[in-house]
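Participant: Sequence and predicted structure below; questions after.
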Amino acid sequence: MHAVILAGGKGVRLRPYTTALPKPLVPIGDRHAILEIVLRQLAAAGFTSCTLAIGHLGQIIRAYVGNGSRWGLEVDYAAEESPLGTIGPLLMMRDRLPETFLVMNGDVLTDLDYADLLRRHAGGDAPLTIATYCRQVHIDFGVLTTDAGKVVGFSEKPSLDYRVSMGVYGLSRATLEHYTPGLPLGFDELILDLLDTPTPPASYEFDGYWLDIGRPDDYDRANAEFTTHQSLLLKGA
């Protein structure tokens with residue numbers, strides 16, 4: 001089983017923590033980098049190899065991870081010279097990827113079963129399988145429904161449920177065949193393209209622990225919760 005970890009972003013939203021460190025290497029708890037947690041989880045789930053797509057401060061990630069042997073993984077790298085979006089880096093390494101593989105952001109903290117997601121994808125006919133999570137958004141206002149200038153409905157400070165992408169996917173190499181390597185390609189573009197085909201993406205619905213460490217408040221929450229969730233996040237690792 002092979003995984004691609006997207007670790008090339010600048011982490012702009014997480015500054016000042018990412019001024020000197022790439023986002024996947026910011027520490028969680030007393031000593032664990034996010035990327036270390038992910039690599040330990042992948043190894044425990046049965047993954048044997050991993051490609052790190054690096055860009056901003058990529059040399060620091062190379063120095064930290066090396067060949068991945070301390071986690072029992074074979075790690076190689078794909079460096080992007082200019083930003084290629086979420087999916088663009090995969091096009092540059094397409095020829096050396098297996099038929100199906102896992103793709104994930106390098107700043108995800110979750111106890112998702114990565115192996116089960118990949119098995120589900122490989123056993124289905126969807127070109128892309130997206131790990132999804134239910135997020136609840138609280139609206140701090142009275143919400144009105146209007147029609148032709150008249151108020152026809154009202155809800156006081158409602159909560160809305162949305163199923164969001166967790167930043168973890170099962171992907172088939174054939175899904176990338178129609179795109180040009182070297183050109184930027186975002187996850188949003190890929191989704192919209194696939195929705196126009198007879199085989200849309202599949203959803204892998206997850207209700208465990210998930211935190212996307214993209215902003216300072218998310219990072220602070222991750223540090224506050226890590227001690228409590230450490231055994232869950234590193235089970236079997």
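Facilitator: That came through fine.
Participant: where does this protein dip in pLDDT?
Facilitator: Per-residue confidence of the chain (counting by pLDDT under 70) places the weak regions at 9-20, 30-31, 236-237.
Participant: for it, what's the longest helix?
Facilitator: Looking only at the chain and at elements set by DSSP state H, the helix with the highest residue count is helix 216-233.
Participant: Which strands and helices lie in contact with that helix?
Facilitator: Counting contacts by 3 or more C-beta pairs under 8 Å, 6 or more residues apart in numbering; DSSP states H and E, helix 216-233 packs against strand 27-28, strand 108-110, strand 210-212. C-beta: built from backbone N, CA, C; applies to glycine.
Participant: How about residues contacting that helix?
Facilitator: Here helix 216-233 makes contact (C-beta atoms under 8 Å, 6 or more residues apart in numbering) with 13-14, 17, 26, 28-29, 32, 37, 41, 109-111, 209, 211-213.
Participant: Looking at these, which is nearest residue 193?
Facilitator: The shortest approach to residue 193 among those belongs to residue 212, at 23.5 Å (C-beta to C-beta).
Participant: quick revisit: ok, so of the contacts of helix 216-233, who is nearest residue 1?
Facilitator: Among those, and counting by C-beta to C-beta, the member closest to residue 1 is residue 41, at 12.4 Å.
Participant: correct me, but residue 79 touches residue 59?
Facilitator: No: between residue 79 and residue 59 no contact is recorded; they are 9.2 Å apart, counting by C-beta atoms under 8 Å.
Participant: quick one: secondary structure of residue 51?
Facilitator: Here residue 51 is strand, with the state taken from DSSP: H, G, I helix; E, B strand; the rest coil.
Participant: That one: neighbouring residues, count only.
Facilitator: Counted with other C-beta atoms under 10 Å, the burial measure for residue 51 works out to 23 neighbours.
Participant: if I look at it, how far off is residue 195?
Facilitator: According to C-beta to C-beta, to the nearest Å, residue 51 and residue 195 sit 27 Å apart.
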